[in-house]
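Trainee: Structure for the following, please:
(one chain, ligands or ions: 1)
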Amino acid sequence: MDTSEVFSLYKKYINPYLADLLRFAGCDKIEWEAEGCIIRDSEGNEFIDCLGGYGVFSLGHRHPVVVKAVEEQLRRIPLSSKIFLNYPQAKLAEKLAELTPGDLQFVFFSNSGTEAVEAGLKFARMFTGRKKFVSAIGSFHGKTLGSLSVSGREIYKKPFEPLLDYCVQVPFGDISAMESVVDEDTAAVILEPIQGEGGVNVPPDDYLPEVRKICDEKGVLLILDEVQTGLGRCGRMFACQLWDVVPDIMCLAKALGGGVMPIGATIARPYIWEIFKDNPLIHSSTFGGNPLACSAGLATLNVLVDENLPERAERLGGYLLSKLMELKEVHPQLIADVRGKGLLVGIEFSEEDIGLLVISLLVKRGVLVAYALNNPKVMRLEPPLIISKEMLDKVIDSLKASLEEVKALLM
Ligand code: PLP
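Mentor: Coordinates of the predicted model:
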């Protein structure tokens with residue numbers, strides 16, 4: 001396996017600029033195999049996966065229960081005929097309805113986070129007959145045109161304008177700003193309970209309950225995008241449960257496939273499904289809800305419950321945060337803030353360049369992390385929820401050493 005050959009294929013056929021960026025960050029290696037929290041490159045070097053595929057690998061890599069379910073399904077019927085009833089899809093929908101809060105019940109399956117959001121936006125417009133969407137500055141909901149329209153960072157939006165009309169963005173966590181724009185023309189408010197790509201922004205405790213109230217008063221749907229925060233990541237099965245808020249529509253993806261299959265899901269309260277009454281195919285997806293992905297999803301939910309992973313995320317996340325607070329005390333010139341819930345944790349550096357340097361030094365020490373897409377000053381830690389305390393300690397030690405190195409370089 002020749003790394004330079006793969007690098008030049010990237011340069012020639014995939015994305016030369018991305019290839020250069022990966023090289024700059026010290027990530028021009030071939031990922032070859034993975035297991036649990038470890039990724040191995042083609043030369044046998046091991047890395048602790050502390051990014052977890054931006055939230056995909058909550059169960060780690062190749063969790064045996066998920067792999068077994070997918071292998072068994074692969075031998076029966078991997079993709080759907082789209083004509084008959086699909087058993088894994090039905091069972092996964094039932095399990096999602098059981099685990100999601102309140103009366104969330106009906107599920108539309110797709111293949112990614114952005115598709116889960118697109119479906120949510122379309123359902124909200126059709127159900128309410130209204131056009132307007134309200135979302136938050138700094139938010140990230142995906143990169144297809146609809147999801148991009150409600151996302152909150154200009155550099156990713158500007159080149160693709162005009163995007164959807166009637167999309168308004170307000171500062172995240174500011175309830176009076178929200179109140180001032182939500183009106184009788186609004187179809188939905190769409191928010192991440194905690195902003196991931198925005199830089200791990202945790203809202204004030206009264207924010208989501210107040211937004212729920214405003215939506216109820218104005219007959220507006222509340223869509224919560226739990227693509228990154230859901231499925232145990234933030235110390236509850238769903239982050240909205242941290243504040244006892246039930247959305248009208250919830251979007252899931254990433255971890256739902258157990259780190260083995262791609263899958264997206266849009267889950268709604270029962271009355272919203274009236275939109276399918278006159279035309280059951282008003283929204284559909286060829287690969288959405290395929291048996292392979294749904295068998296992975298069902299196995300994933302079972303593991304999350306059986307291994308009590310949301311509780312584990314809360315416990316280990318509390319430990320990690322306390323250790324990072326100590327590091328912030330030691331390096332006030334380098335670290336501006338640390339924050340998070342469960343195992344969705346962000347370190348805000350005083351400057352963007354410091355973050356980039358720390359990330360590349362961590363890669364050299366065998367720890368994978370990344371910055372937040374909409375806030376590059378913030379480095380994210382999203383390890384698998386199955387990570388051991390010993391491995392987390394190794395990550396903290398590597399971070400300590402990398403910060404010392406940066407300090408010596410800069411001062
Ligand atoms: N929503 C949120 C909150 C996300 O974090 C992401 C991806 O990072 C998406 C949507 C888009 O997901 P995908 O990349 O699978 O389309």
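Trainee: all helices in the stretch 51-200 of the chain, in order from the N-terminus.
Mentor: Taking DSSP state H, counting those that start in this stretch as the criterion, the stretch 51-200 of the chain carries its helices at 52-55, 64-76, 87-99, 113-128, 145-150, 154-157, 175-181.
Trainee: The fifth one and the ligand in contact?
Mentor: Pointing back at helix 145-150 there. No - using CB under 6 Å from any ligand atom, no contact is recorded between helix 145-150 and the ligand, whose separation bottoms out at 6.5 Å. The way it works is simple: take the backbone N, C-alpha and C, and place the C-beta from them, glycine included.
Trainee: For this protein, what lies in contact range of the ligand?
Mentor: Neighbours of the ligand within the chain, by CB under 6 Å from any ligand atom: 54, 112-114, 117, 140-142, 192, 196-197, 225, 227-228, 253.
Trainee: Narrow those residues to just the buried residues.
Mentor: The neighbour-count test (16 or more other CB atoms under 10 Å) marks 54, 112-114, 117, 140-142, 192, 196-197, 225, 227-228, 253 as buried among the residues of the chain next to the ligand.
Trainee: measure Glu184 to Val211 for me?
Mentor: From Glu184 across to Val211, the span is 17 Å (CB to CB, to the nearest Å).
Trainee: For these two, work out which one has more neighbours and name it.
Mentor: The neighbour comparison of Glu184 against Val211 (other CB atoms under 10 Å) goes to Val211, with 26 against 10.
Trainee: Dihedrals phi and psi, Leu221?
Mentor: Backbone geometry at Leu221, expressed as degrees, to the nearest 10, gives phi -80, psi 150.
Trainee: Beta-bridge partners for it, please?
Mentor: When assigned by DSSP bridges, Leu221 has beta-bridge partners Ala188.
Trainee: picking that back up, ok, of the residues of the chain next to the ligand, which one's closest to the ligand?
Mentor: Within the residues of the chain next to the ligand, the smallest distance to the ligand is 2.2 Å, found for Gly113 (CB to the nearest ligand atom).
Trainee: And the pLDDT for the residue lying closest to Glu197 once chain neighbours are set aside?
Mentor: Leaving aside its chain neighbours, Glu197 sits nearest to Phe140 (3.5 Å; criterion: CB to CB, 6 or more residues apart in numbering). According to the per-residue confidence, Phe140 scores 97 in pLDDT.
Trainee: how is this structure carved up into domains?
Mentor: Segmentation of the chain into domains, based on automatic domain parsing, reads 3-62+308-410, 64-306.
Trainee: Need the winner for burial among these.
Mentor: Of all the domains of the chain, domain 64-306 has the most neighbours on average by mean count of other CB atoms under 10 Å, namely a mean of 20.
Trainee: Now do the end-to-end distance for it.
Mentor: Between the opening and closing residues of domain 64-306 there is a gap of 14 Å (CA to CA, to the nearest Å).
Trainee: Just checking the distance from it to the centre of its chain.
Mentor: Between the centre of domain 64-306 and the centre of its chain there are 11 Å (CA atoms, centre = their mean, to the nearest Å).
Trainee: OK, contacts around Leu85?
Mentor: Under the criterion of CB atoms under 8 Å, 6 or more residues apart in numbering, Leu85 has no contact partners.
Trainee: Equivalent analysis for Glu31, please.
Mentor: When the contact criterion is CB under 8 Å, 6+ apart, the partners of Glu31 are 39-41.
Trainee: Please report the distance of it from the ligand.
Mentor: Taking CB to the nearest ligand atom, to the nearest Å as the criterion, Glu31 is separated from the ligand by 18 Å.
Trainee: And Met237, by the same measure?
Mentor: Relative to the ligand, Met237 is positioned 16 Å away (criterion: CB to the nearest ligand atom).
Trainee: swap in Leu21?
Mentor: Using CB to the nearest ligand atom, one obtains 18 Å as the distance from Leu21 to the ligand.
Trainee: That residue: which element?
Mentor: Per DSSP states H and E: Leu21 is located in helix 16-24.
Trainee: and the next element down the chain from that helix?
Mentor: Beyond helix 16-24 in the direction of the C-terminus, DSSP H and E gives the next helix or strand as strand 31-35.
Trainee: Distance from the chain centre to that following strand, please.
Mentor: A distance of 21 Å separates the centroid of the chain from that of strand 31-35, by CA atoms, centre = their mean.
Trainee: and the angle from that strand to helix 64-76?
Mentor: Angle between the axes of strand 31-35 and helix 64-76 is 110 degrees (criterion: axes from the mean of the first three to the mean of the last three CA atoms, to 10 degrees).
Trainee: quick one: strands adjacent to the following helix or strand past strand 31-35?
Mentor: Per DSSP H and E, strand 31-35 leads on to strand 38-41 as the next helix or strand towards the C-terminus. Sheet pairing for strand 38-41, assigned by DSSP bridges, gives strand 31-35 (antiparallel), strand 46-49 (antiparallel).
Trainee: Need those strands in a markdown table (columns: mean pLDDT).
Mentor: Output for the strands paired with strand 38-41, formatted as a markdown table (pLDDT from 0 to 100):
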| stretch | mean pLDDT |
| --- | --- |
| strand 31-35 | 97 |
| strand 46-49 | 97 |
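Trainee: Figure out which of these is closest to Ala401.
Mentor: Evaluated with CB to CB, these place strand 46-49 nearest to Ala401, the distance being 13.8 Å.
Trainee: Just the residues contacting that closest one, thanks.
Mentor: Defining contact as CB under 8 Å, 6+ apart, one finds that strand 46-49 is touched by 34, 37-41, 57, 60-61, 363, 366-368, 383-384, 391, 394-395.
Trainee: what's the helix or strand containing Val378 in contact with?
Mentor: Here Val378, judged by DSSP H and E, is contained in strand 375-381. Taking contacts as CB under 8 Å, 6+ apart, the residues outside strand 375-381 that touch it are 50-51, 54, 138, 196-200, 320, 336, 340, 343-352, 355-356, 358-359, 369-372, 395.
Trainee: Could you spell out the sheet neighbours of that strand, each with its direction?
Mentor: Within its sheet, and counting by DSSP bridges, strand 375-381 is paired with strand 344-349 (antiparallel), strand 370-372 (antiparallel).
Trainee: quick revisit: Asn290: which of the helices of the stretch 51-200 of the chain is closest?
Mentor: Closest approach to Asn290 among the helices of the stretch 51-200 of the chain (CB to CB): helix 87-99, 8.0 Å.
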